[in-house]
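Visitor: Here you go, sequence then predicted model.
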Amino acid sequence: MTGELNLLEVERYAEGLRLVLDDESADPGARVDAAGELLRLAWLLRRYGELLRRRQELEAS
Amino acid sequence: MKRQDGSNRDAELAKLLAAGMSQVDAGKQLGMSRSSVQRRLRDPGFGAEVNAERAANTATVRERLTGLVHRSLDRLELVLIDDEETTANQVRAALGVLAEYGRHTVPQQVAVSGGMSLDIQQMSAEDVLAELEGMGTEIATALGRSFEPQAGTPTGHTWEEEPRAAVRPSEPPSVPDDPMPVEAAETVTEPQEPADTGVSGDAEPDPEPESGKVLPLTARHRTPSPWQGYGPAATSIWPD
């Protein structure tokens, strides 16, 4: 059971970033940073999912 | 009847663990000791149940984030083409776009050292586990710099009250996140002076690569982020 993420924390973090992204009164730089961070997080989660799937395959073999 | 109760409890325990709850907290919620939880986890069948639940949860979160990808890219594009935007913001937007481009490279075309491959299908079990750990560290660092749970707020979270304070607005990032296209990744060599790894806490530092060697995957993951140090120390996202 190595390498498990607390997905609840990740979701909360993503929600915070979304709030900044959608906040038209927020500093433009902050919105840029939030957008960049959301892209990075989306990629991390995608790769994390792939790694989990691979681990399951390895455990089953 | 008793068997049914145990089965229900297992299902509930699997859900809690898959959501990221620690063994202690999940056990408390179900009236189980930590050792009982660990004993259940040693059962391959139960472990598979937790893994399946976790995979489903991950897919859900991933779908939500995927829904935000286009909006994020739109935001960056708007800043890039807006003549009234500051140069600093346009540079940050450009870095964000380049980083995203770099993430969509074909893994098989990227050379990495140490026998590790970016292609997950080619990775050994040991490498899969190592990268899962490294990824967790990276996300934990991200959470720690701007994520500050606070009791008493509607979501237990400072974002609701001060969304603008959570992201430092004005200074340009000094280090790109991961702007490494395929061509560059194939020939990357070590920096003259090893930079701060950006890993908080007790994570082990990367071994110093020999001159001329391609950086290992983990080193790329630990590239210091422009966000580093903005928030409180990283909180653990690993269950106990």
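Guide: Now that the structure is in, tell me what you want to look at.
Visitor: so what does the longest helix along chain B touch, helix or strand wise?
Guide: Taking DSSP state H as the criterion, chain B has its longest helix at helix B:44-81. Packed against helix B:44-81 by the contact rule (3 or more CB pairs under 8 Å, 6 or more residues apart in numbering or on different chains; DSSP states H and E) you find helix A:7-22, helix A:28-60, helix B:2-18, helix B:34-41, helix B:87-103. (Glycine included, C-beta is placed from N, CA and C.)
Visitor: redo that, cut-off 6 Å
Guide: Applying 3 or more CB pairs under 6 Å, 6 or more residues apart in numbering or on different chains; DSSP states H and E, one finds that helix B:44-81 makes contact with helix A:7-22, helix A:28-60, helix B:2-18, helix B:87-103.
Visitor: Please produce TSV containing these, extended by mean neighbour count.
Guide: Output for the helices and strands packed on helix B:44-81, formatted as TSV (neighbours: other CB atoms under 10 Å in any protein chain shown):
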stretch	mean neighbour count
helix A:7-22	21
helix A:28-60	21
helix B:2-18	15
helix B:87-103	19
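Visitor: got TSV for the ones you listed, with mean pLDDT and distance to residue B:140 too?
Guide: Listed next are the helices and strands packed on helix B:44-81 as TSV, based on pLDDT from 0 to 100; distance: least, CB to CB, whole Å:
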stretch	mean pLDDT	distance to residue B:140
helix A:7-22	89	8
helix A:28-60	88	11
helix B:2-18	77	18
helix B:87-103	90	19
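Visitor: out of these, which comes closest to residue B:44?
Guide: Closest of the helices and strands packed on helix B:44-81 to residue B:44 is helix A:28-60, at 8.2 Å (criterion: CB to CB).
Visitor: counting contacts, what elements does the closest one pack onto?
Guide: Judged by 3+ CB pairs under 6 Å, 6+ apart, helix A:28-60 is in contact with helix A:7-22, helix B:44-81, helix B:87-103, helix B:125-146.
Visitor: follow-up on the earlier one: how about the helices and strands packed on helix B:44-81, which one is nearest residue B:77?
Guide: Nearest to residue B:77 among the helices and strands packed on helix B:44-81 is helix B:87-103; the distance by CB to CB comes to 7.6 Å.
Visitor: Not counting residues beside it along the chain, what's closest to residue B:82?
Guide: Leaving aside its chain neighbours, residue B:82 sits nearest to residue B:90 (7.8 Å; criterion: CB to CB, 6 or more residues apart in numbering or on different chains).
Visitor: what inclination does the longest helix of chain B have with respect to helix B:87-103?
Guide: Angle, helix B:44-81 to helix B:87-103, by axes from the mean of the first three to the mean of the last three CA atoms, to 10 degrees: 140 degrees.
Visitor: quick one: average pLDDT of helix B:44-81?
Guide: The average of the pLDDT scores along helix B:44-81 is 89.
Visitor: Is residue A:29 in contact with residue B:90, as I believe?
Guide: No. The criterion here is CB atoms under 6 Å, and residue A:29 misses it with residue B:90 at 10.3 Å.
Visitor: re earlier: wait, which of the helices and strands packed on helix B:44-81 is closest to residue B:71?
Guide: With CB to CB, the closest approach to residue B:71 among these belongs to helix A:7-22: 6.5 Å.
Visitor: how many other residues sit next to residue 27?
Guide: As the question left the chain open, I've gone with chain A. By other CB atoms under 10 Å in any protein chain shown, 16 other residues sit near residue A:27.
Visitor: The intended chain is chain B.
Guide: By other CB under 10 Å, the residues close to residue B:27 number 22.
Visitor: One more: residue B:39?
Guide: Neighbour number of residue B:39 under other CB under 10 Å is 12.
Visitor: Distance check, it against residue B:71.
Guide: Residue B:39 is 45 Å from residue B:71, where distance means CB to CB, to the nearest Å.
Visitor: what's near enough to touch the residue nearest the centre of chain A?
Guide: Geometric centre of chain A, nearest residue: residue A:41, 3.1 Å, by CA atoms, centre = their mean. Each residue near residue A:41 by CB atoms under 6 Å, 6 or more residues apart in numbering or on different chains is listed here: A:14, B:65.
Visitor: From residue A:60, how far out is the residue nearest to residue B:121 when sequence neighbours are not counted?
Guide: In space, and not counting its chain neighbours, residue B:121 is closest to residue A:54: 6.9 Å by CB to CB, 6+ apart. According to CB to CB, residue A:54 and residue A:60 sit 11 Å apart.
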